[in-house]
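Here's a sequence, model it:
(one chain, ligands or ions: 1)
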Amino acid sequence: MVIEADNVLAQLRRVKGPELSGNIVDLGLLSDLVIEGDKVVFSIAVPAQLAAQLEPLRAAAEKAACAAEGVARAIVTLTAAQALRDGATAGGASRPAPRADQADDVPPPMLGRARAQAGPAAKAPVPGIGAIIAVASGKGGVGKSTTSVNLALALAAQGLRIGILDADIYGPSMPRLLRVSGRPDAGAGNIIEPLMAYGLKVMSMGFMVDEEEPMIWRGPMVMQALTQMLREVNWGELDMLIVDMPPGTGDAQLTMAQSVPLAGAVIVSTPQDLALIDARKGLNMFRRVEVPILGLIENMSTFICPDCGSRHDIFGHGGARDEAARIGVPFLGEVPLEMTIRAHSDHGTPVVIAAPDGPQAAIYRDIAARVRDRLGHETRMAAGG
Ligand SMILES: Nc1ncnc2c1ncn2[C@@H]1O[C@H](COP(=O)(O)OP(=O)(O)OP(=O)(O)O)[C@@H](O)[C@H]1O
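Residues are numbered from 1 along each chain as shown. Modelled structure (predicted):
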């Protein structure tokens with residue numbers, strides 16, 4: 001049974017707003033509805049300071065959504081209203097939810113969110129951006145962010161206009177990896193200006209969420225914040241936008257993979273078997289939402305001793321290459337485990353910038369060239385060529 005967004009909205013109109021006037025749909029508090037099979041996922045924007053008291057509202061919305069025909073499961077989260085642009089942190093002061101008679105005064109994007117945009121509409125291209133590429137990993141700590149940032153810089157070194165969007169809510173890394181911080185300004189029409197680092201346009205959850213902010217609050221922010229970071233940022237003209245995804249293959253990742261118009265995905269894995277099993281889950285997740293897999297990168301493949309230059313296969317070696325061949329996914333390259341990569345990252349000057357003539361930068365440039373080739377191939381396939 002196919003879920004009709006309108007049926008879900010009809011049920012949700014029975015749920016009163018945070019101030020017990022109006023309903024959550026007509027007050028414009030809903031995010032886009034993401035419908036996947038028999039599951040519906042959405043968030044409700046509420047004043048941050050009331051979030052703790054509004055669990056009954058969240059539960060009521062979940063129950064109401066499940067009453068719609070075909071819905072077996074609803075995942076509903078509370079989101080900080082206006083987290084991005086009023087300069088408040090997610091848990092800090094935020095504008096109170098509007099009353100029903102104020103609904104006309106609600107500026108976008110809150111009003112826009114009353115519209116249900118299941119499936120294709122949510123995947124509308126972002127004007128000016130040539131291709132959006134996700135960099136993902138099945139589990140944390142495999143070097144996904146380090147790879148994303150060096151890949152982005154290697155692409156930029158080839159003359160492309162590149163942006164990077166750090167969607168890793170659990171541990172945003174771009175502020176540290178690129179040594180950028182501060183709150184982005186909202187310019188004309190409330191469009192947010194990205195920060196700049198080494199020629200890249202950068203947006204990160206880390207610019208919007210206090211590091212001290214409890215995780216429980218960061219999670220619910222994800223859908224609204226991601227949509228805003230994608231569509232309400234002045235990316236200008238970009239050849240590619242690299243999205244550093246949160247690690248793992250849970251609901252948050254699935255929702256992201258589904259709601260971002262991705263041209264392709266790159267999976268980062270270490271050679272360990274366990275990580276490869278996780279990597280396979282990552283591949284399957286993108287396949288489920290019909291995003292082309294551009295290929296697999298093996299990170300920390302071989303340890304190169306900084307003193308004597310000898311090579312050691314600490315985690316085993318070649319696992320990702322073999323696995324890629326076995327499951328028919330292109331292999332994009334292997335990055336050794338090297339102190340220089342880590343040290344430059346820790347300083348906020350990624351190795352592609354700090355040592356552009358070194359062997360590590362050359363590896364990232366080779367990977368970047370393969371990503372471009374694969375993207376070209378996928379684009380031709382999609383065009384029927
Ligand atoms: N090829 C490499 N050689 C040496 N150190 C590396 C390499 N790749 C990543 N690292 C280091 O490993 C650590 C984890 O990397 P990173 O933060 O990029 O991983 P991640 O997969 O994004 O992690 P998380 O899941 O926590 O976001 C960092 O300290 C980073 O400097």
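
Quick one: low-confidence residue ranges for the stretch 101-250 of the chain.
Under the criterion pLDDT under 70, the flagged ranges of the stretch 101-250 of the chain are 101-123, 169-170, 209-224.

90 instead?
Counting by pLDDT under 90, the stretch 101-250 of the chain contains low-confidence ranges at 101-127, 137-142, 167-173, 181-192, 204-232, 246-250.

What parts of it come near the ligand?
Contact residues, the stretch 101-250 of the chain versus the ligand (C-beta under 6 Å from any ligand atom): 137, 140-146, 168, 171, 173, 247. The C-beta positions use only the backbone N, C-alpha and C, and glycine is treated the same way.

Then Gly333 would be within a helix, right?
No - assessed by DSSP: H, G, I helix; E, B strand; the rest coil, Gly333 does not belong to a helix; its assignment is strand.

that older thread, return the member of the residues of the stretch 101-250 of the chain next to the ligand nearest to Ala188.
The closest of those to Ala188 turns out to be Asp168 (C-beta to C-beta; 29.2 Å).

Nearest residue to Glu298 in space, please, no chain neighbours.
Take Glu298 and drop its neighbours on the chain: the residue closest to it by C-beta to C-beta, 6 or more residues apart in numbering is Ala320, 3.4 Å away.

Helices of this structure, start to end?
Taking DSSP state H, the helices of the chain run over residues 5-12, 55-66, 144-157, 174-177, 205-208, 215-231, 251-259, 273-288, 319-327, 339-346, 351-354, 359-382.

Out of those, which is the most enclosed?
helix 144-157 (a mean of 26; mean count of other C-beta atoms under 10 Å).

okay, the angle between that one and helix 339-346?
Helix 144-157 runs at 90 degrees relative to helix 339-346, counting by axes from the mean of the first three to the mean of the last three C-alpha atoms, to 10 degrees.

Quick check: end-to-end length of stretch 334-345?
Stretch 334-345 has its terminal residues 18 Å apart, counting by C-alpha to C-alpha, to the nearest Å.

how far does it sit from the chain's center?
Taking the mean of its C-alpha atoms, stretch 334-345 sits 24 Å from the chain's own mean (C-alpha atoms, centre = their mean, to the nearest Å).

I figured the residue nearest to Glu298 hits Asp278, correct?
No - taking contact to mean C-beta atoms under 8 Å, the distance of 11.7 Å between Ala320 and Asp278 leaves them out of contact.

Can you check which residues contact both of those two?
Counting by C-beta atoms under 8 Å, 6 or more residues apart in numbering, the residues touching both Ala320 and Asp278 are Ser269.

And for Pro261, the neighbour number?
Counted with other C-beta atoms under 10 Å, residues neighbouring Pro261 total 15.

contacting residues around it?
The neighbourhood of Pro261, defined by C-beta under 8 Å, 6+ apart, consists of 123-126, 132.

now Trp235
Going by C-beta under 8 Å, 6+ apart, Trp235 touches 126, 128-129, 163, 194, 201, 241.

Spatially nearest residue to it (excluding sequence neighbours)?
Closest residue in space to Trp235, ignoring its immediate chain neighbours: Gly163 at 5.3 Å, by C-beta to C-beta, 6+ apart.

give me the number of residues near the one you found?
24.
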